[in-house]
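S.K.: what follows is a predicted protein model with its sequence.
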Amino acid sequence: MQVISFVAIFFLGRSLGNNPVNISVYYESLCPYSRMFLAKHLRPTYFMVEDIINVDLVPFGLAEYIKDGKFWKFECQHGVSECTLNKIQSCAIDLYTSKESIAFIGCCAAAEDSIEDAQQCAIDNNLNWNQIDQCTNSVFGSELLYKNGVKTKARKEIYGVPWITFEGVYNEIYQKRAREDLLDLVCFLYDGPKPVNCPTSTKFSDTPVSEN
């Protein structure tokens, strides 16, 4: 067992100065764990402290891809519907701002049937569904999802989703705590003046943390 001091944990994945905390989320659009994190943790946290957080969403997960003519062909963990929704969300991320795409993707994640409700989520969040749909069914949409696949597979350590990194670094302790209380973690990692929506005290302690 390796013991990691609080000092090491403190700086790993921590923002410097007043720079926003940079988070990347590698996920699958129909994975129940991914959906829970996106709907219950990421979306509300983002809108509570959007000035101190940058989010990079990467829908792909443990899928596979092969070239099929002009298009890329995908096989996804949760079937064809997930591949379609991964592409829908990739297009939304490309077409809209982080604020708009996070609102849309969080809505899809919270919906009872993410595929069927995607159009309504676009309407509810003032996004142009026709534009997203055209992208989804285009060569460009396939390229966007393929690029997410390349980006995901470049992180060879990914074995499950959601896979969450901070400042480009994966840490098992942060992963666990992000899925329990992302707001608390982001506020802890941000090194500038805390926004009013940050908790007055953090769940982090100054005791050493152990990791296998």
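M.R.: All right, it came through fine. Not measured: the values here are computed from a predicted model. Numbering: from 1, shown residues only.

S.K.: in the protein, which spans are strands?
M.R.: Assigned by DSSP state E, the strands in the chain fall at 2-4, 21-27, 53-59, 64-68, 71-75, 163-166, 169-170, 209-211.

S.K.: give me the buried stretch members for the fifth one, please.
M.R.: By neighbour count on 16 or more other C-beta atoms under 10 Å, the buried set for strand 71-75 is 72, 74. Using the backbone N, CA and C atoms, a C-beta is placed for each residue, glycine as well.

S.K.: packing partners of that strand?
M.R.: strand 64-68, helix 80-95, helix 139-153 (3 or more C-beta pairs under 8 Å, 6 or more residues apart in numbering; DSSP states H and E).

S.K.: so where's this structure uncertain?
M.R.: 1-17, 204-212 (pLDDT under 70).

S.K.: the lengthiest helix in it to strand 53-59, inter-axis angle?
M.R.: In the chain, assigned by DSSP state H, the helix with the most residues is helix 172-189. With axes from the mean of the first three to the mean of the last three C-alpha atoms, to 10 degrees as the basis, helix 172-189 and strand 53-59 are set at 150 degrees to each other.

S.K.: just how off-centre is helix 172-189 within its chain?
M.R.: From the chain centre to the centre of helix 172-189 is a distance of 13 Å (C-alpha atoms, centre = their mean, to the nearest Å).

S.K.: can I get that helix in CSV, CA atoms only?
M.R.: Provided in CSV are the C-alpha atoms of helix 172-189 (Å, rounded to 0.1, in the frame of the first residue of the first chain):
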residue,chain,number,x,y,z
GLU,A,172,-8.9,7.7,-7.9
ILE,A,173,-9.7,9.7,-4.8
TYR,A,174,-11.0,12.7,-6.8
GLN,A,175,-13.0,10.3,-9.1
LYS,A,176,-14.8,8.9,-6.1
ARG,A,177,-15.4,12.2,-4.5
ALA,A,178,-16.5,13.8,-7.7
ARG,A,179,-19.3,11.2,-7.9
GLU,A,180,-20.3,11.9,-4.3
ASP,A,181,-20.1,15.8,-4.2
LEU,A,182,-18.6,17.5,-7.2
LEU,A,183,-19.4,21.0,-6.0
ASP,A,184,-17.4,20.4,-2.8
LEU,A,185,-14.5,19.0,-4.8
VAL,A,186,-14.4,21.8,-7.4
CYS,A,187,-14.6,24.5,-4.7
PHE,A,188,-11.7,22.7,-2.9
LEU,A,189,-9.6,22.5,-6.0
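
S.K.: and it, which residues are buried?
M.R.: Quick answer for helix 172-189 (16+ other C-beta under 10 Å): 173-175, 177-179, 181-189.

S.K.: can you state the direction angle for that helix and strand 21-27?
M.R.: Going by the same axes, to 10 degrees, helix 172-189 makes 140 degrees with strand 21-27.

S.K.: so which elements touch helix 172-189?
M.R.: Packed next to helix 172-189, using 3+ C-beta pairs under 8 Å, 6+ apart, are strand 21-27, helix 32-37, helix 43-48, strand 163-166, strand 209-211.
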